[in-house]
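Participant: Could you work out the structure for the sequence below:
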Amino acid sequence: ALPEGVTSELECVTNSTLAAIIKQLGSLSRHAEDIFGELFNEANSFYMRMNSLQERVDLLVIKVTQLDSTVEEVSLQDINMRKAFKSSTVQNQQVVSRNSIPNPVMERYQRCDKPPPLNILTPYRDDKKDGLKFYTDPSYFFNLWKEKMLQATEDKRKEKRRQKEQRLVEDSTREVKKVRKARNRRLEWNMMAYDKEFRPDNRFSPSPYHMASSEGSLSPDNRQVLPTISYASDAADHSYPASPNHPAQLLAPASHLAPAEHKEGVLVAAPTQ
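Facilitator: Predicted coordinates for the structure are as follows:
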């Protein structure tokens, strides 16, 4: 609808249309200024880096052209002692901060309505919480991220504790295996030099009815040939009386008690010292 007092309707519509076009051109120019302003800053930064690189290249060209490889010798140690080039380019940080917000977004943010003054009700709350945070809380997302990180850390700690307790239970129920004792050849040969009745590890008491001759293996180094006697004629002198559990047995006489004329060569065990 046209305002009252307008005599020419066509002139009013034309002026309104031109004003809207000028307003749109101004908005477009402001938006273009923001775009080209950022492009200018990026190009300026790139130009400064190119100048710094060109200066380093020029210095390097001078050193290379003046270096005579036939006269001057550069050791490998001198090359390694030089510090490597390190770029001083500053990485972008806080890309979502207030200072990094584009101008159109900042203008829209400034035109937004302010939140209601709910903070004036904070003194009347029993839980002492900020009343405005129930309407808007800028730190909500940070607190949410912090809670998730703390929960993940707590879960990892509980998992490690559970695995540790499980290992302790498995270790307590694990069968204890007996470790085989290392063999001692020297001790074995020394034990084999004794008769079974006289070995220190014999669990049974020696029986007078066992034969005096050794039944075990003898060490080849401890064997010696000793004379003995044919005691067939003296069987009655060295025999034991017969019993229900033990029939009549003959005990071999000691070789040192035999007469010299009845001695024959046999193998007996000689204990080692």
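Participant: Output the below-cut-off pLDDT ranges for the chain.
Facilitator: Filtered on pLDDT under 70, the chain yields the residue ranges 1-2, 69-74, 78, 89, 174, 176, 195-273.
Participant: can you give me the helices for it?
Facilitator: For the chain, the helices defined by DSSP state H cover 9-66, 76-81, 103-110, 140-173, 185-192.
Participant: Let me know which of the ones you listed is tucked in deepest.
Facilitator: helix 185-192 (a mean of 13; mean count of other Cβ atoms under 10 Å). Where you see a C-beta, it was placed from the backbone N, CA and C, and this is true even at glycine.
Participant: C-alpha coordinates for it, CSV please?
Facilitator: C-alpha atoms of helix 185-192 as CSV (Å, rounded to 0.1, in the frame of the first residue of the first chain):
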residue,chain,number,x,y,z
ARG,A,185,77.1,-86.7,37.3
ARG,A,186,79.9,-86.7,39.8
LEU,A,187,77.5,-87.3,42.7
GLU,A,188,75.8,-90.1,40.7
TRP,A,189,79.1,-91.9,40.1
ASN,A,190,80.0,-91.5,43.8
MET,A,191,76.7,-93.0,44.8
MET,A,192,77.0,-95.9,42.4
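Participant: tell me what it is packed against?
Facilitator: Of the remaining helices and strands, none touches helix 185-192 by 3 or more Cβ pairs under 8 Å, 6 or more residues apart in numbering; DSSP states H and E.
Participant: wait, which of the helices of the chain is closest to T122?
Facilitator: Nearest to T122 among the helices of the chain is helix 140-173 (17.3 Å), distances taken as Cβ to Cβ.
Participant: Please tabulate the helices of the chain in TSV, including the columns distance to P117.
Facilitator: Shown next, in TSV, are the helices of the chain (distance: least, Cβ to Cβ, whole Å):
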stretch	distance to P117
helix 9-66	33
helix 76-81	67
helix 103-110	19
helix 140-173	20
helix 185-192	97
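Participant: Go through the ones you listed and name the closest to N119.
Facilitator: helix 140-173 (16.2 Å).
Participant: thinking again about what came up before, of the helices of the chain, which is nearest I120?
Facilitator: Across the helices of the chain, I120 has its closest neighbour in helix 140-173 (21.2 Å, Cβ to Cβ).
Participant: coming back round to it: which of the helices of the chain sits closest to R125?
Facilitator: helix 140-173 (18.3 Å).
Participant: quick one on the thing from earlier: do you know which of the helices of the chain lies nearest V90?
Facilitator: The closest of the helices of the chain to V90 is helix 9-66. By Cβ to Cβ, the value is 9.8 Å.
Participant: Could you name the helices and strands sitting against that closest one?
Facilitator: helix 103-110.
Participant: okay, the angle between the helix it packs on and helix 9-66?
Facilitator: 130 degrees (axes from the mean of the first three to the mean of the last three Cα atoms, to 10 degrees).
Participant: S87 is nearest to which of the helices of the chain?
Facilitator: Checking the helices of the chain against S87 by Cβ to Cβ gives helix 9-66 as the closest, at 9.0 Å.
Participant: D130 against T122, yeah?
Facilitator: Yes. Under the criterion of Cβ atoms under 8 Å, D130 makes contact with T122 at 5.5 Å.
Participant: what's the distance between D171 and Q163?
Facilitator: To Q163, D171 is 13 Å away according to Cβ to Cβ, to the nearest Å.
Participant: er, V64 actually
Facilitator: Taken as Cβ to Cβ, the span from V64 to Q163 is 61 Å.
Participant: repeat for K133
Facilitator: Taking Cβ to Cβ, one finds K133 at 40 Å from Q163.
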